[in-house]
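Visitor: Return a 3D structure for these sequence lines:
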Amino acid sequence: MKSKIKIFFMILTSVVILFFGAIFNESGTEGVLVNAEETQKDVLFIGNSMTYYNTLCNVVQGIARHKGHNIKCSAATNGGKNLIYNAKADNVVNAIKKGGYEVVVLQDIVGSFDSDNLMEGAGNIISVIKKYNPKAQIIFYEPWPIQSTLTGKYSMLPYFTDGYVQAAKKFEAQLAPVGESFYDIYVNHGLNYYCKDGKHPQPLGTFTAAATIYYTLYQEAFESFSETDQTYLNQLINNNVAFTTEGKKNTYPLSTLNLIMERSHYYAGIVKEVMADKTGNLKYTSVAGEYVDPDIGMNPDNLMAVVGTETDKMFFQKNKGNLAVGCKAFASNEFQPAKYAVDGNEKTRWETEYFNPQWLYVDLGVETDIRTVGFMWEGAYASRYYIQISDDAEQWKTVAYVTARSKKTVRITLDKTYKTRYVRMYGTRRGTDYGYSLFEIGIWKDGTSFVVPQIRVQKTKIKSAVKTKKTTKAKIKLKKIKGVTGYQIKIGITKKLKKSRKISFKKSTFIVKKLRGKKQYYIKARAYKVSDGVRHYSKWCKIKKIKIKKQ
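Guide: Numbering: from 1, shown residues only. Prediction:
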């Protein structure tokens with residue numbers, strides 16, 4: 001009898017420990033149920049604002065603990081940065097080096113998302129993770145595109161999903177398809193969890209991400225929350241609202257929370273099956289539609305990618321041999337007309353809607369020998385595009401494959417001279433959230449036009465440099481040089497002019513503003529002349545210390 005009583009109390013004690021394993025989580029919410037016997041799962045989140053908005057890691061932790069799991073989540077993030085950047089960022093690398101993580105969750109950039117960059121960044125950062133956490137499971141967290149590209153014929157979500165599926169397969173990782181859950185809730189249930197910026201999540205957008213990641217972490221059956229859970233869930237969400245208060249409420253409908261959990265469970269489960277398939281027979285098609293890769297068939301000769309040579313804008317003028325100026329131009333899409341890319345005016349531009357692919361071609365009028373093609377990109381540049389030629393504007397041959405990571409004015413020298421009438425830029429990857437935007441296209445017969453004439457400019461000198469005490473201004477007087485366009489100074493508080501400012505002026509006497517009152521300053525100067533849009537500088541003069549004058 002005594003032994004039975006003893007066993008009874010042992011069982012009762014275990015139940016009590018299980019039920020009251022933790023009363024408070026790190027975000028201050030009550031009623032957390034943690035399984036004391038389960039080994040703690042340490043999870044590190046690495047991403048950007050889509051991860052730190054509304055403290056995603058805390059919400060994932062809160063859901064998991066409430067469902068009885070022993071878990072601790074932390075994050076290392078950098079706003080606006082992709083995984084390529086985060087693989088080298090000190091805060092991220094230091095977090096990884098701490099070690100002890102069972103799971104690391106990776107999230108790449110939304111604006112200017114590129115699947116190639118995702119692959120590169122993932123490879124870089126996973127090599128660091130595995131060095132310090134060799135047994136860590138990798139989970140990719142796929143966010144949603146910006147609101148303007150979420151839905152419709154040219155939805156970016158299929159591209160996002162395809163890129164993340166391929167990355168997860170390559171690195172033998174799991175995938176939390178948050179973008180899929182978010183899209184379903186947005187389109188099929190009419191719930192908009194975007195902030196006004198059309199990118200970041202409201203609290204329930206973050207809850208959607210947390211729910212999808214939770215079901216990727218824990219492969220368990222869906223179970224609805226009851227009314228007894230609602231107070232806890234409201235506190236969990238509201239206590240972690242960060243960087244926005246849009247969409248914050250005291251109480252979130254239980255039916256909505258359960259809908260989010262159910263849809264998240266559904267998509268996490270489907271994708272998990274695809275990830276587990278080793279035969280290659282299972283394919284996942286995004287809820288927004290099938291992804292058709294615009295690069296397929298574009299490079300049959302397997303041309304190596306080039307970035308081109310950065311080039312001054314002056315070479316795009318007609319007097320510099322640019323054959324495109326004044327020609328007819330045609331484009332796939334025109335927010336602003338294609339003709340603006342061939343008008344010789346760098347203040348006008350061709351612009352498209354926000355989807356891939358897009359193209360623009362120039363009709364040279366007659367077959368012409370060409371060897372060099374160039375592009376004066378606006379901020380909305382192409383990160384991947386092809387240069388093609390044609391005799392009839394129907395059958396195209398790719399003669400160059402170009403990639404870029406920032407907006408630049410570039411020229412591409414082809415492998416040989418081609419005789420053609422039509423020249424096309426065919427863009428398959430946008431470098432930003434926007435469309436394609438091109439100030440000018442350039443087409444040249446050869447490379448001889450790109451010689452910058454060297455113009456010698458006489459050196460100036462500092463005649464006087466005076467700062468009145470307790471003011472933030474200094475009067476500078478230079479030796480006047482005949483025929484120059486202007487002058488440039490470098491000014492700083494160290495003699496070697498480290499962390500100095502460069503300022504340009506048109507006249508030889510001028511006032512420098514925004515100086516700190518009690519500091520001693522050093523300065524040097526040079527003259528410059530502008531020719532064909534290019535600045536030609538003289539050598540710097542000797543450094544001079546600014547005199548402090550009494551008031």
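
Visitor: Break down the stretch 151-300 of the chain into its helices, ranges please.
Guide: 157-170, 178-187, 203-217, 227-239, 254-276 (DSSP state H, counting those that start in this stretch).

Visitor: Contacts for the second one next, please.
Guide: With contacts defined as C-beta atoms under 8 Å, 6 or more residues apart in numbering, helix 178-187 is touched by 141-145, 150-151, 157, 160-161, 164, 191-193, 205, 208-209, 211-213, 259-260, 263-264, 266-268, 271, 286-288. To be clear about C-beta, it is placed using only N, CA and C from the backbone, and glycine gets the same treatment.

Visitor: Determine the three-state secondary structure at residue 370.
Guide: Classification of residue 370 using DSSP: H, G, I helix; E, B strand; the rest coil returns strand.

Visitor: oh, I was asking about residue 376
Guide: Strictly by three-state DSSP, residue 376 counts as strand.

Visitor: out of the contacts of helix 178-187, which are buried?
Guide: Using 16 or more other C-beta atoms under 10 Å as the burial test, the contacts of helix 178-187 include 141-145, 150-151, 157, 160-161, 164, 191, 193, 205, 208-209, 211-213, 259-260, 263-264, 266-268, 271, 286-288 as buried.

Visitor: Centre of the chain to stretch 477-496, how far?
Guide: 38 Å (C-alpha atoms, centre = their mean, to the nearest Å).

Visitor: what mean pLDDT would you report for it?
Guide: On average, the pLDDT along stretch 477-496 is 93.

Visitor: what's the first-to-last distance across it?
Guide: Stretch 477-496 has an end-to-end distance of 21 Å (C-alpha to C-alpha, to the nearest Å).

Visitor: Show me which parts of stretch 59-79 are buried, residue by residue.
Guide: By 16+ other C-beta under 10 Å, the buried positions in stretch 59-79 come out as 59-73, 75-78.

Visitor: Looking at these, which are in strands?
Guide: 71-73, 75-77 (DSSP state E).

Visitor: Turn the residues you listed into CSV, columns for distance to residue 230.
Guide: Compiled in CSV, those are given as follows (distance: C-beta to C-beta, whole Å):
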residue, distance to residue 230
71, 22
72, 25
73, 22
75, 26
76, 32
77, 30
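
Visitor: farthest pair in these?
Guide: 71 and 77 (18.8 Å; C-beta to C-beta).

Visitor: Extract the residue ranges of the chain that are flagged as low pLDDT.
Guide: Residues of the chain that meet the criterion pLDDT under 70 lie in 1-34, 36, 448, 452, 532-533, 551.

Visitor: Hmm, residue 195 and residue 54 touching each other?
Guide: No: counting by C-beta atoms under 8 Å, residue 54 stays clear of residue 195, with 10.1 Å between them.

Visitor: what about those two, which has more around it?
Guide: A side-by-side neighbour count of residue 54 and residue 195, using other C-beta atoms under 10 Å, places residue 54 first with 26 against 18.

Visitor: list the buried ones in stretch 85-105?
Guide: Of all the residues in stretch 85-105, those buried under the rule 16+ other C-beta under 10 Å are 85-87, 89, 92, 95-96, 101-105.

Visitor: Strands along the stretch 351-500 of the chain, start to end?
Guide: Ranges of strands in the stretch 351-500 of the chain, per DSSP state E, counting those that start in this stretch, are 358-377, 382-390, 397-403, 409-430, 437-444, 462-468, 474-478, 486-492.
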